[in-house]
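>>> okay, structure incoming, though there's no sequence with it:
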C-alpha cells in the first residue's frame, strides 16, 4: 500500500514546537532519526528520517498560534479530494479549522475537527510527491 495515494491511510506526522532544534536533538537521540532541512516558504522545515525514509516533519510554531499553545504532534490522512473531504466534514457536524490550502510541490491540505473536538489534518498529495 502506498500511503501517499491510498484514501484513508495515515501518511505523515508533524511536530509544531517553539524549539525545533531541541526537538530534533531529542528525537534523534531517542529514535535515531536524522533531519534534513527544507525551505517551505514559511521558514525552515525539518524532515525527520528513519534511515533513508522520511517519517515526519518538525516546524516552529506559526506566528499566528494562540498564546500559550503547547508543542504538539499532528497527523495527516491521505484523501482523494481535500476540498470534498472538508465539505463532507462540515456536513457531518465537524468543523474546518483551516480550509484547504496548497503546499507547493506537496499537495493540498486542511485541518479538521470532529464533532467531539479531536483535530486531524487531511491531505491530497500532488502527483509530483
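Noted; the coordinates are in hand. Note that the structure is predicted; figures quoted are calculated from it, not measured.
>>> name the element residue 21 belongs to?
helix 20-31 (DSSP states H and E).
>>> name every strand pairing with whatever helix or strand comes next after that helix and say which way it goes.
Moving toward the C-terminus from helix 20-31, the next helix or strand (DSSP H and E) is strand 34-39. Strand pairing for strand 34-39, determined by DSSP bridges: strand 44-50 (antiparallel).
>>> so what's the gap between the strand it pairs with and the chain middle?
12 Å (Cα atoms, centre = their mean, to the nearest Å).
>>> and the helix holding residue 21, what does it pack against?
Here helix 20-31 touches strand 34-39, strand 44-50, strand 53-60, going by 3 or more Cβ pairs under 8 Å, 6 or more residues apart in numbering; DSSP states H and E. Yep, even glycine has a C-beta here, placed from its N, CA and C like the rest.
>>> which residues touch the first one?
In other words, strand 34-39. Strand 34-39 is contacted by residues 24, 28, 44, 45, 46, 47, 48, 49, 58 when judged by Cβ atoms under 8 Å, 6 or more residues apart in numbering.
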